[in-house]
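> Pasted the sequence and its predicted model underneath.
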Amino acid sequence: MKPVLAMIVVGLTPRHLGTLTPRLSALAREGAMSALRTLTPAVTCSVQATFMTGLTPRGHGIVANGWLFRDLMEVMLWRQSNRLVEGEKVWEAGKRRDPAFTCANMFWWYNMASSHDFGATPRPIYKADGRKLPDCYTVPDSLRNRLTERLGPFPLFQFWGPATTIASTRWIAEATKVVMVENNPTLTLAYLPHLDYDLQRYGPDETHAAVRKSLAEIDDVAGDLADAARAGGRSVVILSEYGITNVDRPIHINRALRDAGLIAVREEDGAELLDPMASKAFAVADHQIAHIYVSDPNTLPKVREVLQGLPGVERVYGAADKSSLDLDHPRSGELVAIADARSWFTYYYWNDDRRAPDFARTVEIHRKPGYDPVELFLDPAISSPKLAIGKRLAMRKLGFRTLMDVIPLDAALVRGSHGRVTDDAHDGPLIISDRADLVDGRKLAATDVKSLLLDAVFK
């Protein structure tokens, strides 16, 4: 068996290879690079599940980054149990071919309750007084202590939210190096998210100073990790799940359903909470895709009419044609809406910001009933954001329960999105390898990645 490092460089596209990414570009020239045909939805959890299993959402069941858990009637995003992913995983296939095969999963999603040998993933410590402390979950548990002693605590607040920096991506890369040297897995999976942040904030505009800086930073970290892997005798595969394209039109899909009398809300202490149990129809918004769950089949024509009348909705799929997207799975909504190239879906369901739930203005990925990229921004209405954050942190240290309510409710701030397959392959995901035989001359899809990684190990 030949050891392999497969790293995801989130949001990297063929168009990004050039003067701003000299190390990644050199690797592509030395080996080979190809555009990678992705799937719908082109979002983190769905595509990574396809990389792991070789299946589409019809087979693995990861229909988005989150969905309505119908038995609980609760919307949940960013779950971590690998048991949610149906199908044989790449490391299970490797062990079937050779029992000595081992795998380290460094921050790919669905990292818990898994059959891989080594792994690490974000796992905050939630204190009873409301504090959230940075930490990670590892397999084995002793790996957490090893990594924390070497690298310090995982920088959770630089991993997602308005304070994101290269620090979290660099920590993951350094942790991956530790595992490659000390545990020597056959297959190492690494996830480098840094490009995701500024490309969603500003769009893929390489004239923007922040985007140029992010490209240079990820090139340095990914290039350094690739060099370390190759120095240890590993071949390298670089992947991206999707490309991020320019958007300028948020679609408030749940507000439209509410105006049509289809959404129910529950009032709690002056704020409104979405009530999935009482709603006739509601949407779980996830970038440029939305799953619409309809409790009464008799209302389907009305729901479809509302959706098709929304500016920015490119197409609505139902029972008869969801199979064309391979989204005919019980976790999918009764309807699936896809935004056009310049649009994306918000989760907002309130019509008056004064009645938004308290978590709407915070980084709260597990309580919001949909994905919220506005969490990447500080509220521009706060005149001294550092002072405001410092005051809240001081109150927490004194033992007071305090909301970190510094996130705006202005979806127009978001300039980049994904989820819809891009019109131009140069704006979509890619695959690079230092082994040209794995990539050169092949038309590769996300469903081919599992077999390609096994070929890299066994051929």
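Good, I have the coordinates.
> What does residue 253 show for phi and psi?
phi -60, psi -40 (degrees, to the nearest 10).
> what number of residues lie near it?
27 (other CB atoms under 10 Å). Every C-beta, even on glycine, is put in place using the N, C-alpha and C of the backbone.
> check which helix or strand covers the spatially closest residue to it that is not a sequence neighbour.
Leaving out its chain neighbours, the residue that sits closest to residue 253 by CB to CB, 6 or more residues apart in numbering is residue 283, at 4.5 Å. Per DSSP states H and E, residue 283 falls inside strand 281-286.
> Could you list the paired strands of the helix or strand just after that strand along with their orientation?
Next helix or strand after strand 281-286 toward the C-terminus (DSSP H and E): strand 289-294. The strands beside strand 289-294 in its sheet (DSSP bridges) come out as strand 281-286 (antiparallel), strand 335-339 (antiparallel).
> which one of those is the most hemmed in?
With neighbours defined as mean count of other CB atoms under 10 Å, the strands paired with strand 289-294 peak in mean count at strand 281-286, which reaches a mean of 29.
> what's next to that strand, contact-wise?
Outside strand 281-286, the residues within contact range by CB atoms under 8 Å, 6 or more residues apart in numbering are 41, 43, 64-68, 75, 77, 253-254, 257, 262-263, 274, 276, 290-295, 299, 303, 333, 337, 345-347, 349, 369-371, 419.
> Filter the residues you listed down to the buried ones and express that as a PyMOL selection.
Buried residues among the contacts of strand 281-286 (16 or more other CB atoms under 10 Å), as a PyMOL selection:
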select buried, resi 41+43+64+65+66+67+68+75+77+253+254+257+262+263+274+276+290+291+292+293+294+299+303+333+337+345+346+347+349+369+370+371+419
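> follow-up on the earlier one: rebuild the strands paired with strand 289-294 as JSON lines, extending it with mean pLDDT and distance to residue 177.
JSON lines is the format used below for the strands paired with strand 289-294 (pLDDT from 0 to 100; distance: least, CB to CB, whole Å):
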{"stretch": "strand 281-286", "mean pLDDT": "99", "distance to residue 177": "33"}
{"stretch": "strand 335-339", "mean pLDDT": "99", "distance to residue 177": "39"}
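> Which one of those strands lies nearest to residue 206?
Nearest of the strands paired with strand 289-294 to residue 206, taken as CB to CB: strand 335-339 at 23.6 Å.
> so how far is the closest one off the chain centroid?
18 Å (CA atoms, centre = their mean, to the nearest Å).
> strand partners of the helix or strand just after it, parallel vs antiparallel please.
For strand 335-339, the following helix or strand on the C-terminal side (DSSP H and E) is strand 343-345. Using DSSP bridges, the strands paired with strand 343-345 are strand 249-251 (parallel).
> Give me the contacts around the partner strand.
With contact meaning CB under 8 Å, 6+ apart, strand 249-251 is reached by 310-313, 339, 342-346, 411-412, 414.
> If you count neighbours, what's buried in whichever helix or strand residue 143 is part of?
Here residue 143 is covered by helix 141-151, with elements defined by DSSP H and E. Under the neighbour-count criterion of 16+ other CB under 10 Å, helix 141-151 has 143-144, 146-148, 151 buried.
> where along the stretch 101-250 of the chain do the helices fall?
141-151, 166-182, 195-202, 209-231 (DSSP state H, counting those that start in this stretch).
> nearest to residue 328, of those?
Smallest distance to residue 328 across the helices of the stretch 101-250 of the chain (CB to CB): 28.7 Å, for helix 195-202.
> which stretches of the protein aren't confidently modelled?
Residues of the chain meeting the criterion pLDDT under 70: 388, 390-391, 393-401.
> switch to 90 and redo it
Across the chain, the ranges flagged by pLDDT under 90 are 127-133, 381-406, 440-441.
> domain ranges for it?
4-245+421-458, 249-414 (automatic domain parsing).
> Quick one: end-to-end distance for the shortest one.
Distance between the boundary residues of domain 249-414 (CA to CA, to the nearest Å) amounts to 9 Å.
> Likewise for the longest one?
End-to-end distance for domain 4-245+421-458: 10 Å, by CA to CA.
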